[in-house]
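**Q** Turn this into a structure:
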Amino acid sequence: MGFRLAVIDGHTLCRHGLAGVVEGHPDLEIVGEASSLAEGRAQVALHRPDTVVLAAALPDGDGLGLCREIRELHPDTGVVVMASSDDDAPLFRAMEAGASAHVSRSADLPELLAAIRHAAVAPGSFTARGLARALARRGTRERLLSPRELQTLQLMAQGLSIAEIGRRMHLSHSTAKTYTARIYDKLGAANRAQALMAALRLGLVEEPVQAGAARRPAAKAAR
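**A** Residues are numbered from 1 along each chain as shown. Below is the predicted model:
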């Protein structure tokens, strides 16, 4: 049983590289290539491939938007989304867009091939390396802190002072300070630096903490 593929990626080397890989696997055949959203739509409509390997970001727009279109118009077509990062956020965006699999560009060949074959035979299910751990981190994040506390934590990670957080969230200084104190208590932290390090370990902040934010003295951060 063979699977027919379409590759939609703005990087010519990536498309050619995947074509070279597929040549060594007789169960896989590339029937269409595209470098943009418009070309991608046309290739999918023309060839009706079993699986589309799709870059999350394309030169003329969002690849995840095309993923949603494919899922709606061609529900039997699998979609493998390739992203530049293997962080949790791109993985969840791909899952929410209806992708069949998420693969980082840094993934090894067996992982990519497994994702392509999975998408072909089970287009309506989702797989990704580290999915279980990512789901656990998201569950921890949603259970541990309230939405307002999470928002406060994200602003702390950006290096904002309590006064700045209050202005950004339209809170009084005392309320912003209360949110910060609750975060410290829930994370078992004595100061901002400890809270941010704990947040990183738990996956509560998805973007790297700015160096200045983690090193800022607690007394200054509390102003």
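**Q** If we go by neighbour counts, what in the helix or strand containing residue 194 is buried?
**A** Take DSSP states H and E as the rule and residue 194 turns out to sit in helix 192-202. Buried residues in helix 192-202, counted by 16 or more other Cβ atoms under 10 Å: 192-193, 195-196, 198-200. Every residue, glycine included, has its C-beta placed from N, CA and C.
**Q** Surely residue 48 touches residue 78?
**A** No. Under the criterion of Cβ atoms under 8 Å, residue 48 is not in contact with residue 78, lying 11.9 Å apart.
**Q** Those two - which one has more neighbours?
**A** Between residue 48 and residue 78, counted using other Cβ atoms under 10 Å, residue 78 has the larger neighbour count: 28 against 14.
**Q** picking up where we left off before, check which helices and strands the helix holding residue 194 sits against.
**A** In terms of contacts (3 or more Cβ pairs under 8 Å, 6 or more residues apart in numbering; DSSP states H and E), helix 192-202 is packed against helix 131-144, helix 147-157, helix 173-187, helix 211-215, helix 218-221.
**Q** switch the cut-off to 6 Å
**A** The helices and strands touching helix 192-202, judged by 3 or more Cβ pairs under 6 Å, 6 or more residues apart in numbering; DSSP states H and E, are helix 173-187.
**Q** just to revisit the earlier point, could you dump the buried residues of helix 192-202 into a markdown table and include distance to residue 57 and pLDDT?
**A** Below are these laid out as a markdown table (distance: Cβ to Cβ, whole Å; pLDDT from 0 to 100):
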| residue | distance to residue 57 | pLDDT |
| --- | --- | --- |
| 192 | 33 | 92 |
| 193 | 34 | 90 |
| 195 | 32 | 89 |
| 196 | 28 | 89 |
| 198 | 32 | 81 |
| 199 | 27 | 83 |
| 200 | 25 | 81 |
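**Q** List phi and psi for residue 19.
**A** phi -60, psi -40 (degrees, to the nearest 10).
**Q** tilt between the helix or strand where residue 89 lies and helix 131-144?
**A** Assessed by DSSP H and E, residue 89 sits inside helix 88-96. Relative orientation of helix 88-96 versus helix 131-144 (axes from the mean of the first three to the mean of the last three Cα atoms, to 10 degrees): 100 degrees.
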